[in-house]
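> Give me a 3D structure for the following:
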Amino acid sequence: MIRVGLEKLVDSGLVLGEKRLGLLCNQASTDCSLRHSRDVLRDLYGDGLTCLFSPQHGFFSEKQDNMIESAHQRDPVSGLPVFSLYGETRRPNAAMFDHLDVLLIDIVDVGTRVYTFLYTMAYCLEAAAEYGKQVVVLDRPNPVGGKAVEGNVLEADCASFVGLYPIPMRHGMTFGELALFINKEYKIGADLQVVPMQGWKRSMFFRDTGFPWVSPSPNMPSPETALVYPGQVIWEGSNCSEGRGTTLPFELVGAPFWEHEPILERLAGIDLPGCRFRPLIFQPTSGKWAEQPCVGFQLHVTDPLSFLPYRTSLALLQAVIQCWPREFAYKKPPYEYEFERLPMDLILGDSSLRKALEEGESILNLEKKWQPGLDRFLQQRTKYLLYD
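Below you'll find the model as predicted:
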């Protein structure tokens, strides 16, 4: 079993002296025995831990969907104040940072550009640089591995809280590596330290780590969800159900107007390795098409090594657009505090990609077009990789 940064911090006995500590975390921030990082740090530093911060979905990961805010609160276990970074503000302010000298970040990420925890960390780095505070990132696995990188690099005109930097949809980096990358490449200049993991290899998917999975957000119930998320998240930008309101969010996708056979016929000629689309009908209890039968599929990953989640979901999206141009629709704003730009463009990170899909350009041809940007990213990230 691997040892995550939280456990390595305990092993190292990192001395932080009389410094006051804050902790950015949520319910998934645990050690291998499922003990929460707030309790581990209180044992280690006592009253030195002075405050907590929570990202999107809340301290207990209880908020279901986008733009459902969390209020500041008091932690019922420790009595410490919990400052919400997904409420009245998404950036920590001077009053919050007055409580600390060092911010510890212990967050489970899912390896996908649009997951907002990454940008909460980035805002914390910016605040730390502005207010003269130190940041220590306690590293954790990228659950979808550290080797495979996939997708187009975000274009500047699509920057938002689901994509602030020109990185691909599936970036293959850990949170600690991303912190180092962002802090240096985008000249944030925070006083940053990363406590790396022990035993993690870039070839590992989450099931290979031996570490227990705790859902970092309500609709990320398993590592299998994380595997499909770099592609299936695109359905958030449409009127099709991404499986919210079911027990298999993101693994299920569909809508009442879909039909199985026309979709499968269009997908048959595309190389979509490592997965199977299993036809079914599901009925969400909430969200899009609540209480209505949706014709769709469960996306089964049969080989994580060869599976290409972004290619797979883009191919499915294009098939649906072509089969039902009148019934299919893009979600309208707002989406993650963007009130004018199309949510699909923000998710895809490139409005020209949406237009190319509508015009029927092949996914494989699109991949060739974005490969130079992907190559530049791969070269750029090299100096920040901590493992293997």
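
> Doesn't Gly176 lie inside a helix?
Yes. Per DSSP: H, G, I helix; E, B strand; the rest coil, Gly176 lies within a helix segment.

> from what I can see it touches Asp139, true?
Yes. Contact criterion C-beta atoms under 8 Å: Gly176 and Asp139 qualify, at 3.5 Å. Any C-beta I mention is one placed from the backbone N, CA and C, and that applies to glycine too.

> which neighbours do those two share?
5, 194-196, 386 (C-beta atoms under 8 Å, 6 or more residues apart in numbering).

> which one among those gets closest to Asp101?
Val195 (16.9 Å; C-beta to C-beta).

> Setting aside sequence neighbours, what's the nearest residue to that closest one?
Distances taken as C-beta to C-beta, 6 or more residues apart in numbering place Gly5 nearest to Val195, at 4.0 Å, with adjacent residues excluded.

> and the gap between the one you found and Val137?
7 Å (C-beta to C-beta, to the nearest Å).

> Which residues are in contact with each of the two?
What both Gly5 and Val137 touch, as defined by C-beta under 8 Å, 6+ apart, is the set 176, 194-195.

> Could you report the separation of the spatially most central residue of the chain from Glu336?
By C-alpha atoms, centre = their mean, the chain has its centre lying nearest to Tyr115, at 2.7 Å. Applying C-beta to C-beta, the value for Tyr115 to Glu336 is 11 Å.

> between the two, what contacts are shared?
Contacts common to Tyr115 and Glu336, judged by C-beta under 8 Å, 6+ apart, are Val162.

> biggest helix in this protein, by residue count?
As assigned by DSSP state H, the longest helix anywhere in the chain is helix 363-381.

> in that one, what's buried?
Residues of helix 363-381 classed as buried: 363, 366-367, 370, 373-374, 377, 381 (neighbour count, 16 or more other C-beta atoms under 10 Å).

> do stretch 208-219 as well
208-209, 211, 213-219.

> what does stretch 253-273 give?
For stretch 253-273, by 16+ other C-beta under 10 Å, it's 253-255, 257-258, 260, 263, 266-267, 270, 272.

> which residues are contacting that stretch?
Contacts for stretch 253-273 (C-beta under 8 Å, 6+ apart): 232, 235, 239-243, 277, 279-282, 288-289, 292-297, 299, 303, 306-308, 311-312, 315-316, 318-320, 322-324, 327-328, 363-364.

> Try it again at 7 Å.
For stretch 253-273, contacts defined as C-beta atoms under 7 Å, 6 or more residues apart in numbering pick out 232, 235, 239-243, 277, 279, 282, 289, 292-297, 299, 303, 306-308, 311-312, 315-316, 319-320, 322-324, 327, 363.

> distance between the ends of it?
18 Å (C-alpha to C-alpha, to the nearest Å).

> Quick check: phi and psi at the residue nearest to Val195.
Main-chain torsions, Gly5, degrees, to the nearest 10: phi -60, psi -40.

> how far away is it from Cys51?
Gly5 is 20 Å from Cys51, by C-beta to C-beta.

> more neighbours, those two?
Gly5 (26 against 20; other C-beta atoms under 10 Å).

> now the more buried one: how far from Trp213?
Counting by C-beta to C-beta - Gly5 and Trp213 are separated by 17 Å.

> How is the protein divided into domains?
Split into domains by automatic domain parsing, the chain comes to 5-217+380-384, 223-369.

> Format these as JSON lines; extra columns: mean pLDDT.
As requested, those are arranged in JSON lines below (pLDDT from 0 to 100):
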{"stretch": "domain 5-217+380-384", "mean pLDDT": "96"}
{"stretch": "domain 223-369", "mean pLDDT": "97"}
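
> element containing the closest residue to Ser222 other than its chain neighbours, please.
Nearest non-adjacent residue to Ser222, counting by C-beta to C-beta, 6+ apart: Trp213, 6.3 Å away. Using DSSP states H and E, Trp213 maps to neither a helix nor a strand.

> Strands along this protein, start to end?
For the chain, applying DSSP state E gives strands covering 21-24, 49-54, 73-74, 81-84, 102-105, 134-138, 191-195, 252-255, 275-282, 294-301.

> So which residues make contact with the longest helix of the chain?
Under C-beta under 7 Å, 6+ apart, the answer for helix 363-381 is 149, 152-153, 167-168, 173, 181, 185, 270, 311, 314-315, 318, 353, 356.

> Now intersect those residues with the helices, please.
181, 185, 311, 314-315, 318, 353, 356.

> now for the residues you listed, which pair is the farthest apart?
Glu185 and Gln318 (32.4 Å).

> Which one of those two is surrounded by more residues?
Gln318 (22 against 15).

> Wait, Leu21 touches Asp106, no?
No. The criterion here is C-beta atoms under 7 Å, and Leu21 misses it with Asp106 at 11.4 Å.

> between the two, which one's more packed in?
Asp106 (28 against 23).

> Over to that one: give its phi and psi.
Torsion angles at Asp106 (phi, psi; degrees, to the nearest 10) stand at phi -130, psi 90.

> could you pull out the helices for the stretch 1-150 of the chain?
For the stretch 1-150 of the chain, helices defined by DSSP state H, counting those that start in this stretch occupy the ranges 5-12, 37-45, 94-97, 117-131.

> from these, which stretch is densest packed?
helix 117-131 (a mean of 21; mean count of other C-beta atoms under 10 Å).

> Report all helices and strands that it contacts.
helix 94-97, strand 102-105, strand 134-138, helix 175-185 (3 or more C-beta pairs under 7 Å, 6 or more residues apart in numbering; DSSP states H and E).

> With respect to Arg202, which of the ones you listed lies nearest?
Of the helices and strands packed on helix 117-131, nearest to Arg202 by C-beta to C-beta is helix 175-185, at 10.1 Å.
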